[in-house]
Each structure stands twice: as structure tokens, then as C-alpha cells.
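*Asks:* I'll drop the sequence and a predicted model, then ask my questions.
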Amino acid sequence: LQPHQKELFGQPIGLYILFLTEMWERFSYYGMRALLVLYMTTQTTGDARGAGLAWTDQEALALYGWYTMLVYVMSIPGGMIADKLIGQKKAVLYGAVILCIGHAVLVLTDIWAFYTGLGLVILGVGLLKPNISTMVGGLYKAGDIRRDKGFSIFYIGINLGSLLATMIVGGVVAKWGWHAGFGLAGVVMVLGLINYIAGQKYLSQVGNFIPSTNDKNEVSYGQLYSELFSSPKQLMFAGVLLAASLFGWYAMGWGYGLLFLFLTAIASLLMMIYKDLDTQVYKDRFVVLLLSFIMVIIFWGAFEQAGGLINLYTDTKTDRVLFGWEIPTVMFQSLNAGFIILLATTVAGIWAKRKLKGREASSIFKMAAGIIIMGFGFLFMVFAAMEFEKSGTSSMIWLVLAYLFHTIGELCISPVALSFITKLAPVKYASLMMGVYFAATGLGNKVAGVIGESASEFGELNIFAGIVIFTVVIGVLFIIILKPLKRLTHGAEESERVLK
Ligand code: GLN
């Protein structure tokens, strides 16, 4: 047996190499993310943590929103670079190296180092995250029944990294300071890199660069873009988006201008891909996929309050004392990952049971249910805010319940969406669509930042209540239009993979 074909617990050994690499990468990402707003908002207090940046909550959440958005938006160029230039395997390697350097730079205390480090992390995650996910898929041949389980194992790896990080990093910061916390993320990323390099023999068959064939049906992104100028209708569409970018630039600053410009480029590309698809079946499925991404943006827009607004809320408005010990704020970030590890198989089991009874739920239904359940979790944050307004503090039980519902919601939407993409996306654009999916989660992160920022104006109670209402309404709307949407998938969910 070739090394790459060897199995452990019924799965290719390569899966465990990718599992560990992603586990350490997520450790560094979530460890650092948990510290980020706390570091930015901390005044210079002189305790063991050392000086923070003493920014306002609003400033910190604004940067947090941009950062967490860019981290995922970079998955689009990350996916394209892998597809067209170097293959996924090298992209993951370079991404890991850039992440090690980025986290090392964050150990320095200067402000330039802070921005440079964040920039490097953005580039590193953009190269690593989408491509390591695609590599997991590459371990299995089409129709291999181990694939879904492989993805669940991989998702547990992600959350194991996050759990370890958020358990440990708070203590490290309390004892040795902020920059030791950032440094720990770097050390751990080095472990991820070593593990990835050492495991190469088990990955010999996946993620290799496949140079473009001279197939005349193969269309490059450049050709797709050049088509944009071929019809007045398309030109007008791009023109409108471009005008919106300029307006964004003028009204909201250069950051939004650039964001809209980027969205223009992506929207035009998606439009061209739609045109390029051969049959109405593929076109319809493509539309359903893009519509489902609306749910993805809204879901993460609410969910990602976790590292931002809820994190700050935990820090300043929650009674964190348990049996005389004050639980560090950062540790509350562990609840999500902990619940994932506990509940991942249960939630998957519930859907599987329905399937056995012949009442299989469609992915769109699961995703809509995920939004509603997560939104319902914000009800507990409403209770928390009400208690705070009455008594000046609030019980941590509300946070536990909120995270529990957020996690059940995440399990309904996140792994489901990944597999939905592989079912609906035309194969030749599969990795790009994976990139677009992560970018949608990135936009959700940005939305989360904007909502979080507005809490200083509207108050947490109103924000949390607004999220409950909005998310539940959106989830219900998608359930109402479920039937026509399902029709547009043309049975993609029933059949085994039949796409070309
Ligand atoms: N928590 C998951 C991860 O870190 C999902 C993140 C996302 O899709 N934006 O991979």
C-alpha cells in the first residue's frame, strides 16, 4: 500500500495530517482573535498584561470587523492562486510560513508591528484556509462514502484548535502579557507547519498543481472578464457597481470604496460564470447557491458578535465569578468550540435519522433552521442585557445558553453549506465557489463588526433584540420559499454526485 492510501480508523492518514495542521492554524487564529478587541481596548494599566492600545470600543470593533472580513475574503485570491498557479498543497505551505512570520511580528510591541502582523495573518489565512478545505475533499474519490464523515472529523479538528487556544491563551496573557499571547499563537503555528511538512508523504496524491490543459472549452478568468465588455447590459451592470464603489469611497471613506470595488470585481466574475454555464440546470443551481450565501452572510453577521460585542459584554457586564474564581473573559470563547465537539455528532445524527425515515431535510432547510436557532440564542443575550440594566451586572448562565444555541445553529449551517457547495457548484468552478463561500462568511464578519460598533449608539439590549427579530424573520422567509428553491436545484441533493 502506498503511504497516501494507508488508513487509520477507516480514514486516509492524510486526513489526520490536514486535521492537525488546521487544528494548529485555528489555534493561532482563534487564540489571537480572542485577544484582539481586548488588547485594543485595554487602557495602560500596568498589570502583568502590559499596555493595551487604549482605543474606544467603537474603534476596536471597527478594526476587528475589517480584519475578520479580510481574513476570509482573501480566500478568493487564495483559491485562484492555488487553481491557476501553484496548486493547493504549496498554497497551504506558503500560507503556513506567512502565518508563522505574521504571529512572530505581533510579538513586537510597536504599532507598525501590530498592523504588519495583522496584514500577514490575513494573507496567510487566505492562502491556507480554503485550500486545506479543498484538499480534504481531494482525499476521496467521487462517490466515496467516507467523505462526509471526513469533513466532520476535520470540523472537529478546527474546533479543537479553537478550544485549546481559548482555554490557554487567557491565562498566558494574564501572567506574561499580551505579546506572549500573540507569541504563543506563533509557536503553535510553527508546530502546524512542521506537522504539515512531516506528513507530506501521506499527501502525495492531493493538492498538486494541475497545469491547464489545452482544452478549448477551458475559459480563463481573464477571458471571462474580457467578455464583460461584450454586451451593453453587462457593461451597465458593472458600471452601476463601479459607481456605487465611488460613492462608497466618497461617503464612507477609502476602506468602503475598496470593498465595493472588490465586490464589483467578484459580482462581475460571478455574472460571467453564470453566462459561461452550459445548461439551465447548472445556471439554476448556481443561483440557488448564491441565494444561500445571503443566509451565510446574515448568519455570520450575527454569530460573529462572539469575538467582538459579546466578548466586550462578557468582559465588562457579566459576573464571571464561579466558586470564588474569576473566569478570564477569553475562556468564554471556548464554549462554542466545546459545544461543537460535544454536539457535532448528535446534530448530524438527528438529520441522519430523518433521512432513514425517508424525510430527509434539504440543505436550504437546515441552513434556515440554523439561522433561526442561532437567532433564538440572542434572546438569552436580551435577558442578560435586561438583567444588567436592572442590577448593574448579569449572570454568566445567559452567555452559556446563548453560545449553546449559537453552536447548534452553526452545526446546522456551516458543515452543511460546505457539502452543499460541492453538490451544486459546477466542478470547473468548485474551488472558486469555495473561496466565494468563505468570502461570504467574511462579509458576515464585517457586518458583525458594524452591528457591534453601533451598540454604543443604540445600546446592547436593542441590538440583541434586533438580531433575534431579523434572523428569525429571514430564516422563516427562506423556509417559505423552500419549495421553489428546491425545484431549482434539479434534484442535486437526491442524486449522488452526477455533475461533470
Ligand atoms: N468556525 C469555522 C472555522 O473556523 C467556520 C468559519 C467560517 O466559515 N467563517 O473554520
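*Replies:* It's in.
*Asks:* wait, what's in contact with the closest residue to Thr56 other than its chain neighbours?
*Replies:* Once flanking residues are discounted, Thr56 sits nearest to Thr41: 7.3 Å by Cβ to Cβ, 6 or more residues apart in numbering. C-beta coordinates here come from the backbone N, C-alpha and C atoms, glycine included. Residues near Thr41 by Cβ atoms under 8 Å, 6 or more residues apart in numbering: 52-57, 60, 312.
*Asks:* out of those residues, who's the most crowded?
*Replies:* The residue in those with the most neighbours, by other Cβ atoms under 10 Å, is Ala60 (25 neighbours).
*Asks:* helices of the stretch 151-300 of the chain, start to end?
*Replies:* 178-198, 221-227, 232-252, 254-276, 280-303 (DSSP state H, counting those that start in this stretch).
*Asks:* nearest to the ligand, out of these?
*Replies:* helix 280-303 (5.8 Å; Cβ to the nearest ligand atom).
*Asks:* C-terminal to that closest one, which secondary structure element comes first?
*Replies:* Per DSSP states H and E, the first helix or strand lying C-terminal to helix 280-303 is helix 309-317.
*Asks:* elements contacting the helix or strand following that following helix?
*Replies:* For helix 309-317, the following helix or strand on the C-terminal side (DSSP H and E) is strand 318-319. Strand 318-319 sits against strand 394-395, with contacts defined as 3 or more Cβ pairs under 8 Å, 6 or more residues apart in numbering; DSSP states H and E.
*Asks:* name every strand pairing with the strand it packs on and say which way it goes.
*Replies:* strand 318-319 (parallel) (DSSP bridges).
*Asks:* re the thing from before, roughly how far apart are the residue nearest to Thr56 and Ala51?
*Replies:* Going from Thr41 to Ala51 by Cβ to Cβ, to the nearest Å gives 12 Å.
*Asks:* re the thing from before, now render the helices of the stretch 151-300 of the chain as TSV, adding distance to the ligand and mean pLDDT.
*Replies:* Converted to TSV, these look like this (distance: least, Cβ to the nearest ligand atom, whole Å; pLDDT from 0 to 100):
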stretch	distance to the ligand	mean pLDDT
helix 178-198	14	93
helix 221-227	24	74
helix 232-252	23	81
helix 254-276	17	83
helix 280-303	6	92
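*Asks:* now those helices in a markdown table, with distance to Ile98 and mean neighbour count?
*Replies:* A markdown table is the format used below for the helices of the stretch 151-300 of the chain (distance: least, Cβ to Cβ, whole Å; neighbours: other Cβ atoms under 10 Å):
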| stretch | distance to Ile98 | mean neighbour count |
| --- | --- | --- |
| helix 178-198 | 10 | 21 |
| helix 221-227 | 23 | 13 |
| helix 232-252 | 28 | 14 |
| helix 254-276 | 20 | 17 |
| helix 280-303 | 24 | 20 |
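*Asks:* where does the chain have its least confident helix or strand?
*Replies:* Within the chain, confidence by mean pLDDT, DSSP states H and E is lowest for helix 221-227 among all helices and strands, at a mean of 74.
*Asks:* got the contact list for it?
*Replies:* 80, 84, 234, 268-269, 272-273, 275-276.
*Asks:* give me the residue from this protein nearest the ligand.
*Replies:* Thr441 (3.3 Å).
*Asks:* so who does that residue touch?
*Replies:* So Thr441 contacts 72, 296-297, 300 (Cβ under 8 Å, 6+ apart).
*Asks:* try it again at 10 Å.
*Replies:* Contact analysis of Thr441 by Cβ atoms under 10 Å, 6 or more residues apart in numbering lists 68-69, 71-73, 75, 293, 296-297, 299-301, 303-304, 414, 417.
*Asks:* now Val321: phi and psi?
*Replies:* Backbone torsions for Val321, taken as degrees, to the nearest 10, come to phi -90, psi 130.
*Asks:* ah, wrong one, I meant Met74
*Replies:* phi -60, psi -10.
*Asks:* likewise Met396?
*Replies:* The phi/psi pair for Met396 (degrees, to the nearest 10) is phi -70, psi -10.
*Asks:* next: Gln11.
*Replies:* With angles defined as degrees, to the nearest 10, Gln11 sits at phi -130, psi 150.
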